[in-house]
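A.B. asks: Sequence below, structure please.
(chains A, B, C and D)
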There are 2 protein chains.
Amino acid sequence: MTAETTQPLILEDFLPYRLNKAAEAVSQRFASIYRDRYGLTRPEWRTLATLGQFGILTATAIGAHSSMHKTKVSRAVFTLEKRRWLSRKRDDIDRRIENLELTSAGRKAYTELANVAHIFEAELLSHLGKRGENELKAGLAALEKYYNQA
Amino acid sequence: MTAETTQPLILEDFLPYRLNKAAEAVSQRFASIYRDRYGLTRPEWRTLATLGQFGILTATAIGAHSSMHKTKVSRAVFTLEKRRWLSRKRDDIDRRIENLELTSAGRKAYTELANVAHIFEAELLSHLGKRGENELKAGLAALEKYYNQA
DNA sequence: AATAGATCGTCACAATTGCAACTAAATTCA
DNA sequence: TGAATTTAGTTGCAATTGTGACGATCTATT
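C.D. replies: The predicted structure is shown next:
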(Lines give C-alpha, C1' and ligand atoms only; values in the text may rest on other atoms or scores of the structure.)
Protein backbone atom coordinates (compact mmCIF):
# COMPACT_ATOMS: atom_id res chain seq x y z
CA MET A 1 0.00 0.00 0.00
CA THR A 2 1.43 3.33 -1.10
CA ALA A 3 1.35 6.44 1.03
CA GLU A 4 -1.38 8.77 -0.22
CA THR A 5 0.63 11.91 0.19
CA THR A 6 -0.43 13.95 -2.83
CA GLN A 7 3.06 15.24 -3.43
CA PRO A 8 3.31 17.57 -6.39
CA LEU A 9 5.49 16.39 -9.22
CA ILE A 10 8.73 18.26 -9.66
CA LEU A 11 9.38 17.83 -13.36
CA GLU A 12 13.06 18.70 -13.09
CA ASP A 13 13.48 15.67 -10.83
CA PHE A 14 11.18 13.32 -12.71
CA LEU A 15 13.19 10.70 -14.52
CA PRO A 16 11.15 10.32 -17.71
CA TYR A 17 11.19 14.07 -18.10
CA ARG A 18 14.93 14.34 -17.53
CA LEU A 19 15.70 11.50 -19.88
CA ASN A 20 13.56 13.02 -22.56
CA LYS A 21 15.04 16.45 -22.31
CA ALA A 22 18.56 15.08 -22.32
CA ALA A 23 17.92 12.83 -25.30
CA GLU A 24 16.14 15.59 -27.13
CA ALA A 25 18.93 18.08 -26.58
CA VAL A 26 21.64 15.68 -27.65
CA SER A 27 19.70 14.42 -30.66
CA GLN A 28 18.89 17.84 -31.95
CA ARG A 29 22.48 18.90 -31.89
CA PHE A 30 23.56 15.85 -33.74
CA ALA A 31 20.63 16.03 -36.13
CA SER A 32 21.55 19.54 -37.13
CA ILE A 33 24.87 18.19 -38.33
CA TYR A 34 23.59 15.54 -40.68
CA ARG A 35 20.72 17.77 -41.74
CA ASP A 36 22.91 20.72 -42.62
CA ARG A 37 25.76 18.81 -44.18
CA TYR A 38 23.88 16.04 -45.96
CA GLY A 39 20.24 17.02 -46.00
CA LEU A 40 19.31 13.85 -44.17
CA THR A 41 16.21 13.41 -42.07
CA ARG A 42 16.24 11.41 -38.88
CA PRO A 43 14.72 8.27 -40.39
CA GLU A 44 17.19 8.48 -43.25
CA TRP A 45 20.17 8.87 -40.97
CA ARG A 46 19.02 5.93 -38.86
CA THR A 47 18.56 3.76 -41.90
CA LEU A 48 21.97 4.71 -43.22
CA ALA A 49 23.63 4.07 -39.88
CA THR A 50 21.96 0.72 -39.41
CA LEU A 51 22.89 -0.49 -42.87
CA GLY A 52 26.39 0.87 -42.47
CA GLN A 53 26.85 -1.11 -39.32
CA PHE A 54 25.29 -4.38 -40.37
CA GLY A 55 25.83 -4.60 -44.11
CA ILE A 56 22.88 -6.26 -45.79
CA LEU A 57 19.49 -6.05 -44.14
CA THR A 58 15.79 -6.11 -44.94
CA ALA A 59 13.58 -3.13 -44.30
CA THR A 60 11.85 -5.02 -41.52
CA ALA A 61 15.15 -5.73 -39.81
CA ILE A 62 16.08 -2.08 -39.96
CA GLY A 63 12.80 -1.13 -38.40
CA ALA A 64 13.16 -3.71 -35.66
CA HIS A 65 16.65 -2.64 -34.78
CA SER A 66 16.09 1.09 -34.77
CA SER A 67 12.48 0.95 -33.55
CA MET A 68 11.04 2.73 -36.53
CA HIS A 69 7.62 2.09 -37.97
CA LYS A 70 7.77 0.14 -41.20
CA THR A 71 6.28 2.94 -43.26
CA LYS A 72 8.96 5.25 -41.96
CA VAL A 73 11.61 2.80 -43.03
CA SER A 74 9.92 2.27 -46.37
CA ARG A 75 10.02 5.99 -47.09
CA ALA A 76 13.57 6.44 -45.89
CA VAL A 77 14.69 3.54 -48.08
CA PHE A 78 12.92 5.08 -51.03
CA THR A 79 14.67 8.40 -50.54
CA LEU A 80 18.09 6.87 -50.05
CA GLU A 81 17.57 4.76 -53.11
CA LYS A 82 16.68 7.80 -55.20
CA ARG A 83 19.88 9.32 -53.94
CA ARG A 84 21.71 6.18 -55.02
CA TRP A 85 23.04 5.59 -51.55
CA LEU A 86 21.49 2.15 -51.31
CA SER A 87 20.35 -0.60 -53.63
CA ARG A 88 17.67 -3.24 -53.31
CA LYS A 89 17.84 -6.81 -54.44
CA ARG A 90 14.93 -9.22 -54.28
CA ASP A 91 15.85 -12.28 -52.33
CA ASP A 92 16.04 -15.36 -54.55
CA ILE A 93 14.77 -17.73 -51.94
CA ASP A 94 12.09 -15.59 -50.34
CA ARG A 95 10.83 -13.22 -52.97
CA ARG A 96 8.84 -11.07 -50.57
CA ILE A 97 12.09 -9.85 -49.12
CA GLU A 98 14.36 -7.10 -50.33
CA ASN A 99 18.00 -7.21 -49.37
CA LEU A 100 19.19 -3.67 -48.86
CA GLU A 101 22.78 -2.64 -49.14
CA LEU A 102 24.65 0.63 -49.29
CA THR A 103 26.16 1.58 -52.61
CA SER A 104 29.72 2.82 -52.65
CA ALA A 105 28.41 6.38 -52.55
CA GLY A 106 26.30 5.36 -49.57
CA ARG A 107 29.27 3.76 -47.84
CA LYS A 108 31.32 6.86 -48.45
CA ALA A 109 28.67 9.06 -46.84
CA TYR A 110 28.33 6.58 -44.02
CA THR A 111 32.03 6.56 -43.34
CA GLU A 112 32.14 10.31 -43.18
CA LEU A 113 29.13 10.46 -40.91
CA ALA A 114 30.41 7.70 -38.68
CA ASN A 115 33.53 9.76 -38.17
CA VAL A 116 31.51 12.85 -37.42
CA ALA A 117 29.48 10.83 -34.96
CA HIS A 118 32.56 9.65 -33.12
CA ILE A 119 33.87 13.17 -32.93
CA PHE A 120 30.51 14.44 -31.75
CA GLU A 121 30.38 11.84 -29.02
CA ALA A 122 33.93 12.49 -27.92
CA GLU A 123 33.20 16.19 -27.70
CA LEU A 124 30.12 15.53 -25.64
CA LEU A 125 31.90 13.16 -23.31
CA SER A 126 34.74 15.58 -22.81
CA HIS A 127 32.28 17.92 -21.17
CA LEU A 128 31.03 15.33 -18.75
CA GLY A 129 34.40 14.42 -17.32
CA LYS A 130 35.53 10.84 -16.88
CA ARG A 131 33.38 10.55 -13.78
CA GLY A 132 30.21 11.79 -15.45
CA GLU A 133 30.88 9.59 -18.45
CA ASN A 134 31.17 6.46 -16.37
CA GLU A 135 28.09 7.28 -14.38
CA LEU A 136 26.01 8.02 -17.44
CA LYS A 137 27.09 4.86 -19.20
CA ALA A 138 26.53 2.73 -16.13
CA GLY A 139 23.14 4.29 -15.52
CA LEU A 140 22.06 3.71 -19.10
CA ALA A 141 23.30 0.16 -18.93
CA ALA A 142 21.17 -0.47 -15.86
CA LEU A 143 18.15 0.95 -17.63
CA GLU A 144 18.78 -1.05 -20.77
CA LYS A 145 19.18 -4.23 -18.82
CA TYR A 146 15.77 -3.67 -17.29
CA TYR A 147 13.65 -2.74 -20.25
CA ASN A 148 15.34 -5.07 -22.68
CA GLN A 149 13.90 -7.96 -20.82
CA ALA A 150 10.86 -6.71 -18.96
CA MET B 1 43.92 16.78 -35.71
CA THR B 2 41.78 13.71 -35.28
CA ALA B 3 42.91 10.25 -36.24
CA GLU B 4 41.37 9.33 -39.58
CA THR B 5 40.59 5.78 -38.64
CA THR B 6 37.25 5.19 -40.36
CA GLN B 7 35.87 3.18 -37.47
CA PRO B 8 32.34 1.94 -38.05
CA LEU B 9 29.73 3.26 -35.69
CA ILE B 10 28.35 0.75 -33.21
CA LEU B 11 24.90 2.09 -32.56
CA GLU B 12 24.45 0.17 -29.34
CA ASP B 13 27.41 2.06 -27.93
CA PHE B 14 26.61 5.45 -29.39
CA LEU B 15 25.40 7.77 -26.70
CA PRO B 16 22.75 9.73 -28.61
CA TYR B 17 21.28 6.44 -29.77
CA ARG B 18 21.28 4.94 -26.29
CA LEU B 19 19.79 8.02 -24.71
CA ASN B 20 17.07 8.12 -27.30
CA LYS B 21 16.11 4.52 -26.98
CA ALA B 22 16.06 4.72 -23.21
CA ALA B 23 13.99 7.91 -23.18
CA GLU B 24 11.66 6.50 -25.78
CA ALA B 25 11.10 3.26 -23.92
CA VAL B 26 10.45 4.98 -20.61
CA SER B 27 8.22 7.64 -22.11
CA GLN B 28 6.09 5.20 -23.99
CA ARG B 29 5.39 3.17 -20.93
CA PHE B 30 4.40 6.21 -18.99
CA ALA B 31 2.45 7.68 -21.90
CA SER B 32 0.34 4.56 -22.16
CA ILE B 33 -0.81 5.19 -18.62
CA TYR B 34 -2.10 8.73 -19.07
CA ARG B 35 -3.40 7.88 -22.50
CA ASP B 36 -5.38 4.87 -21.39
CA ARG B 37 -6.64 6.25 -18.12
CA TYR B 38 -7.28 9.85 -19.07
CA GLY B 39 -7.17 10.07 -22.83
CA LEU B 40 -4.37 12.60 -22.66
CA THR B 41 -1.86 13.23 -25.40
CA ARG B 42 1.75 13.99 -24.66
CA PRO B 43 1.45 17.75 -25.16
CA GLU B 44 -1.65 17.76 -22.97
CA TRP B 45 0.04 15.83 -20.20
CA ARG B 46 3.02 18.12 -20.30
CA THR B 47 0.85 21.19 -20.13
CA LEU B 48 -1.11 19.75 -17.24
CA ALA B 49 2.04 18.78 -15.38
CA THR B 50 3.69 22.14 -15.89
CA LEU B 51 0.66 24.06 -14.74
CA GLY B 52 0.19 21.68 -11.85
CA GLN B 53 3.70 22.32 -10.69
CA PHE B 54 3.88 26.07 -11.18
CA GLY B 55 0.33 27.32 -10.70
CA ILE B 56 -0.40 30.21 -13.03
CA LEU B 57 1.54 30.47 -16.26
CA THR B 58 1.28 31.86 -19.76
CA ALA B 59 1.27 29.60 -22.80
CA THR B 60 4.69 30.90 -23.74
CA ALA B 61 6.09 30.05 -20.34
CA ILE B 62 4.74 26.53 -20.60
CA GLY B 63 6.36 26.12 -23.96
CA ALA B 64 9.68 27.46 -22.73
CA HIS B 65 9.74 25.18 -19.74
CA SER B 66 8.70 21.99 -21.45
CA SER B 67 10.36 22.79 -24.78
CA MET B 68 7.20 22.53 -26.80
CA HIS B 69 6.46 24.57 -29.87
CA LYS B 70 4.00 27.34 -29.21
CA THR B 71 1.38 25.96 -31.56
CA LYS B 72 1.57 22.67 -29.73
CA VAL B 73 0.95 24.44 -26.45
CA SER B 74 -1.82 26.48 -28.00
CA ARG B 75 -3.62 23.34 -29.11
CA ALA B 76 -3.09 21.51 -25.85
CA VAL B 77 -4.43 24.50 -23.92
CA PHE B 78 -7.46 24.58 -26.17
CA THR B 79 -8.21 20.92 -25.54
CA LEU B 80 -7.71 21.14 -21.80
CA GLU B 81 -9.92 24.18 -21.71
CA LYS B 82 -12.69 22.38 -23.57
CA ARG B 83 -12.35 19.68 -20.97
CA ARG B 84 -12.66 22.33 -18.29
CA TRP B 85 -9.37 21.35 -16.74
CA LEU B 86 -7.93 24.81 -17.12
CA SER B 87 -9.17 28.37 -17.41
CA ARG B 88 -7.73 31.43 -19.11
CA LYS B 89 -7.75 34.98 -17.90
CA ARG B 90 -6.51 37.92 -19.93
CA ASP B 91 -3.88 39.79 -18.03
CA ASP B 92 -5.07 43.24 -16.97
CA ILE B 93 -1.73 44.88 -17.34
CA ASP B 94 -0.47 43.18 -20.50
CA ARG B 95 -3.50 42.29 -22.52
CA ARG B 96 -1.63 40.13 -25.01
CA ILE B 97 -1.07 37.62 -22.26
CA GLU B 98 -3.35 34.90 -20.99
CA ASN B 99 -2.87 33.63 -17.47
CA LEU B 100 -3.60 29.95 -17.42
CA GLU B 101 -4.63 28.06 -14.34
CA LEU B 102 -5.97 24.61 -13.59
CA THR B 103 -9.59 24.40 -12.53
CA SER B 104 -10.44 22.25 -9.56
CA ALA B 105 -11.23 19.39 -11.93
CA GLY B 106 -7.84 19.95 -13.52
CA ARG B 107 -6.11 19.97 -10.16
CA LYS B 108 -7.86 16.79 -9.21
CA ALA B 109 -6.66 15.05 -12.36
CA TYR B 110 -3.21 16.48 -11.84
CA THR B 111 -3.03 15.21 -8.29
CA GLU B 112 -3.99 11.74 -9.38
CA LEU B 113 -1.51 11.74 -12.21
CA ALA B 114 1.27 13.14 -10.06
CA ASN B 115 0.75 10.22 -7.75
CA VAL B 116 0.79 7.78 -10.62
CA ALA B 117 3.98 9.40 -11.85
CA HIS B 118 5.68 8.98 -8.50
CA ILE B 119 4.66 5.37 -8.37
CA PHE B 120 5.84 4.80 -11.91
CA GLU B 121 9.19 6.33 -11.14
CA ALA B 122 9.60 4.36 -7.94
CA GLU B 123 8.82 1.18 -9.80
CA LEU B 124 11.36 2.01 -12.45
CA LEU B 125 14.04 2.89 -9.94
CA SER B 126 13.45 -0.28 -8.01
CA HIS B 127 14.63 -2.20 -11.04
CA LEU B 128 17.83 -0.25 -11.35
CA GLY B 129 19.03 -0.85 -7.84
CA LYS B 130 20.36 1.90 -5.63
CA ARG B 131 23.65 1.80 -7.50
CA GLY B 132 22.12 2.13 -10.94
CA GLU B 133 19.82 4.86 -9.68
CA ASN B 134 22.67 6.95 -8.37
CA GLU B 135 24.69 6.48 -11.49
CA LEU B 136 21.83 7.39 -13.78
CA LYS B 137 20.95 10.48 -11.81
CA ALA B 138 24.56 11.60 -11.59
CA GLY B 139 25.10 10.99 -15.28
CA LEU B 140 22.01 12.95 -16.21
CA ALA B 141 23.05 15.74 -13.89
CA ALA B 142 26.40 15.96 -15.64
CA LEU B 143 24.68 16.12 -18.99
CA GLU B 144 22.21 18.74 -17.85
CA LYS B 145 24.94 20.86 -16.40
CA TYR B 146 26.64 20.88 -19.78
CA TYR B 147 23.82 21.57 -22.17
CA ASN B 148 21.96 23.97 -19.90
CA GLN B 149 24.74 26.42 -20.30
CA ALA B 150 26.55 25.60 -23.52
C1' DA C 1 2.72 61.50 -29.22
C1' DA C 2 3.91 58.90 -33.27
C1' DT C 3 6.38 55.48 -35.61
C1' DA C 4 9.07 51.22 -35.62
C1' DG C 5 9.98 47.01 -33.72
C1' DA C 6 9.07 43.19 -30.56
C1' DT C 7 5.93 39.82 -28.31
C1' DC C 8 1.61 36.90 -27.48
C1' DG C 9 -1.37 33.71 -29.13
C1' DT C 10 -4.00 31.82 -33.27
C1' DC C 11 -4.90 30.18 -37.79
C1' DA C 12 -4.23 28.45 -42.66
C1' DC C 13 -1.40 25.73 -44.99
C1' DA C 14 2.40 22.32 -45.80
C1' DA C 15 5.12 18.51 -44.34
C1' DT C 16 5.54 14.43 -41.52
C1' DT C 17 3.78 10.58 -39.37
C1' DG C 18 0.79 6.63 -38.28
C1' DC C 19 -3.00 3.46 -39.42
C1' DA C 20 -5.36 0.32 -42.19
C1' DA C 21 -6.00 -1.80 -46.38
C1' DC C 22 -3.72 -3.92 -50.10
C1' DT C 23 -0.68 -7.06 -53.31
C1' DA C 24 2.43 -10.57 -53.58
C1' DA C 25 4.61 -14.33 -51.72
C1' DA C 26 5.52 -17.85 -48.18
C1' DT C 27 3.93 -21.06 -44.59
C1' DT C 28 0.71 -23.99 -42.11
C1' DC C 29 -2.24 -27.62 -41.82
C1' DA C 30 -6.21 -30.31 -42.93
C1' DT D 1 -2.80 -30.30 -52.87
C1' DG D 2 -5.09 -26.28 -51.70
C1' DA D 3 -7.49 -23.18 -48.49
C1' DA D 4 -6.43 -20.30 -44.60
C1' DT D 5 -3.08 -17.71 -42.23
C1' DT D 6 1.09 -15.12 -41.86
C1' DT D 7 4.75 -12.00 -43.53
C1' DA D 8 7.18 -8.16 -46.44
C1' DG D 9 6.71 -4.01 -48.24
C1' DT D 10 3.80 -0.11 -50.36
C1' DT D 11 0.13 3.14 -50.67
C1' DG D 12 -4.06 6.09 -49.60
C1' DC D 13 -5.96 8.50 -46.11
C1' DA D 14 -6.33 10.66 -41.57
C1' DA D 15 -4.16 12.70 -37.66
C1' DT D 16 -0.35 15.25 -35.84
C1' DT D 17 3.12 18.59 -36.19
C1' DG D 18 5.73 22.60 -37.86
C1' DT D 19 6.02 27.06 -40.62
C1' DG D 20 4.78 31.54 -41.75
C1' DA D 21 1.68 35.11 -41.64
C1' DC D 22 -1.54 37.61 -39.05
C1' DG D 23 -4.13 40.92 -35.57
C1' DA D 24 -3.64 42.75 -31.32
C1' DT D 25 -0.91 44.76 -27.97
C1' DC D 26 3.18 46.44 -25.72
C1' DT D 27 7.94 48.81 -25.67
C1' DA D 28 11.54 51.77 -27.40
C1' DT D 29 13.11 55.65 -29.84
C1' DT D 30 12.66 60.00 -31.41
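A.B. asks: excluding its backbone neighbours, what's nearest residue A:43?
C.D. replies: Once flanking residues are discounted, residue A:43 sits nearest to residue A:76: 4.1 Å by Cβ to Cβ, 6 or more residues apart in numbering or on different chains. Bear in mind the C-beta positions are built from the backbone N, C-alpha and C, glycine included.
A.B. asks: List the residues that contact that neighbour.
C.D. replies: Residue A:76 sits next to A:41, A:43-44, A:46-47, A:68 when contact means Cβ atoms under 8 Å, 6 or more residues apart in numbering or on different chains.
A.B. asks: Now, those that are in strands?
C.D. replies: Secondary structure from DSSP state E places none of the contacts of residue A:76 in strands.
A.B. asks: Of those, which is the most crowded?
C.D. replies: residue A:47 (29 neighbours; other Cβ atoms under 10 Å in any protein chain shown).
A.B. asks: residues in contact with that residue?
C.D. replies: Applying Cβ under 8 Å, 6+ apart, we find residue A:47 in contact with A:62, A:66, A:68, A:73, A:76-77, A:80, A:86.
A.B. asks: Which of those residues sits closest to residue B:98?
C.D. replies: residue A:68 (37.9 Å; Cβ to Cβ).
A.B. asks: Backbone dihedrals for the closest one, both of them.
C.D. replies: Phi and psi for residue A:68, reported as degrees, to the nearest 10, are phi -120, psi 150.
A.B. asks: With residue A:78 instead?
C.D. replies: Dihedral angles for residue A:78 - degrees, to the nearest 10 - are phi -60, psi -50.
A.B. asks: pLDDT wise, what is it at?
C.D. replies: Note on residue A:78: pLDDT of 98.
A.B. asks: how close does it sit to chain B?
C.D. replies: Distance, residue A:78 to chain B, by Cβ to the nearest Cβ, to the nearest Å: 22 Å.
A.B. asks: Same check on residue A:50?
C.D. replies: Using Cβ to the nearest Cβ, one obtains 7 Å as the distance from residue A:50 to chain B.
A.B. asks: Might you calculate how far whichever helix or strand residue A:25 is part of sits from the centre of the chain?
C.D. replies: Residue A:25 belongs to helix A:15-38 when assigned by DSSP states H and E. From the chain centre to the centre of helix A:15-38 is a distance of 11 Å (Cα atoms, centre = their mean, to the nearest Å).
A.B. asks: angle of that helix against helix B:15-38?
C.D. replies: Using axes from the mean of the first three to the mean of the last three Cα atoms, to 10 degrees, the direction of helix A:15-38 lies 130 degrees away from that of helix B:15-38.
A.B. asks: and helix A:15-38, does that touch DNA strand C?
C.D. replies: No - residues of helix A:15-38 contacting DNA strand C under Cβ under 7 Å from any atom of the strand: none, with a closest distance of 10.1 Å.
A.B. asks: longest helix in chain A, by residue count?
C.D. replies: The single longest helix within chain A, with elements called by DSSP state H, is helix A:104-147.
A.B. asks: Which other helices and strands does that helix contact?
C.D. replies: Contacting helix A:104-147 under the criterion 3 or more Cβ pairs under 8 Å, 6 or more residues apart in numbering or on different chains; DSSP states H and E are the following elements: helix A:15-38, helix A:42-54, helix B:15-38, helix B:104-147.
A.B. asks: Adding mean pLDDT, write those helices out as TSV.
C.D. replies: Below are the helices and strands packed on helix A:104-147 laid out as TSV (pLDDT from 0 to 100):
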stretch	mean pLDDT
helix A:15-38	96
helix A:42-54	98
helix B:15-38	96
helix B:104-147	97
